[in-house]
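1. prediction below, plus the sequence it came from.
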Amino acid sequence: MSSQPKYRYTLEEYFELERASEVKYEYFNGEVFAMSGASPEHEAVFGNVFTSLRNQLRGRSCSVFSSNLRVKVPAAPPYRYPDLTALCAQPEYEVIGGIRALTNPTLIVEVLSSSTEGYDRGDKFIAYKSIPSLGEYLLIAQHRPHVTHYVKQPDGKWSYEDANEITDTLMLPTLDCTLALSEVYQDVTFAEAEGHAPPPER
């Protein structure tokens, strides 16, 4: 006996769901995915990165946004919810389905988990590359000190470096600031180091 096919949402139905719900949803090819709750480690890493960038960019014409802000992704319409976005320019928005979405981020940060890492490194990054303004992409592990840093070069190709030591510091050229792993992982307890598997949460 065949199983029932999954219900496929129209964009209009998705936008109505977004406007009516306090839960964040992402849309992909007719399917709707609720953004799951985050682990304590994820929230600690996010908070540390957000605070570090906000402090360094204070007094400049720069903005740092949390995952509550929608970002237009041309290759994966209509928009996505990165963990963190930043830019040193006037933010530009497009109204999509009655909802504003940022169109010109220069930096996107995703905090990885075991359930999202493959997607964040693969298809999601490919989609993010379609954002014309994007110049940097940071992937930050939550279960050990590890950051992958992608930078778009003048020829359009992307270079990358990995930082694995708590003493490492990354230069972020699109924002003209730095990110120290000692700050990224401040007050973060690594479950794996305590003999437990990394948490499954986002």
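-> That came through fine.

2. what comes up buried for the worst-scoring helix or strand of the chain on mean pLDDT?
-> One helix or strand of the chain scores below all others by mean pLDDT, DSSP states H and E: helix 117-121, with a mean of 80. Across helix 117-121, burial judged by 16 or more other C-beta atoms under 10 Å covers 120-121. C-beta: built from backbone N, CA, C; applies to glycine.

3. now do the helices in this protein.
-> With helices called from DSSP state H, the chain shows them at 11-20, 40-57, 117-121, 123-128, 181-184.

4. what mean pLDDT does stretch 189-199 have?
-> Across stretch 189-199, pLDDT averages out at 51.

5. now stretch 155-173
-> In this model, stretch 155-173 has a mean pLDDT of 97.

6. alpha carbons only: can I get it in PDB?
-> Presented in PDB, the C-alpha positions along stretch 155-173 are these (Å, rounded to 0.1, in the frame of the first residue of the first chain):
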ATOM      1  CA  ASP A 155      37.600  36.600  -9.000                       C
ATOM      2  CA  GLY A 156      34.500  35.200  -7.400                       C
ATOM      3  CA  LYS A 157      36.100  32.100  -6.100                       C
ATOM      4  CA  TRP A 158      35.900  31.200  -2.400                       C
ATOM      5  CA  SER A 159      38.900  30.500  -0.200                       C
ATOM      6  CA  TYR A 160      38.700  28.900   3.200                       C
ATOM      7  CA  GLU A 161      40.700  28.300   6.400                       C
ATOM      8  CA  ASP A 162      40.000  26.200   9.400                       C
ATOM      9  CA  ALA A 163      40.700  27.300  13.000                       C
ATOM     10  CA  ASN A 164      41.000  24.500  15.500                       C
ATOM     11  CA  GLU A 165      42.800  26.000  18.500                       C
ATOM     12  CA  ILE A 166      41.200  28.000  21.300                       C
ATOM     13  CA  THR A 167      44.100  30.500  20.800                       C
ATOM     14  CA  ASP A 168      43.300  31.200  17.100                       C
ATOM     15  CA  THR A 169      42.000  34.500  15.900                       C
ATOM     16  CA  LEU A 170      40.300  35.000  12.500                       C
ATOM     17  CA  MET A 171      40.300  38.200  10.500                       C
ATOM     18  CA  LEU A 172      36.900  39.200   9.100                       C
ATOM     19  CA  PRO A 173      37.700  41.400   6.100                       C
END
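
7. what stretches of the chain score poorly on pLDDT?
-> 1-4, 191-202 (pLDDT under 70).

8. and it, what are its domains?
-> For the chain, the structural domains run 1-35, 38-188, going by automatic domain parsing.

9. grab the nearest non-local neighbour of Ala153.
-> Slight slip there: residue 153 is Gln, not Ala. Of all residues not flanking Gln153 in the chain, Ser159 sits nearest, at 5.8 Å (C-beta to C-beta, 6 or more residues apart in numbering).
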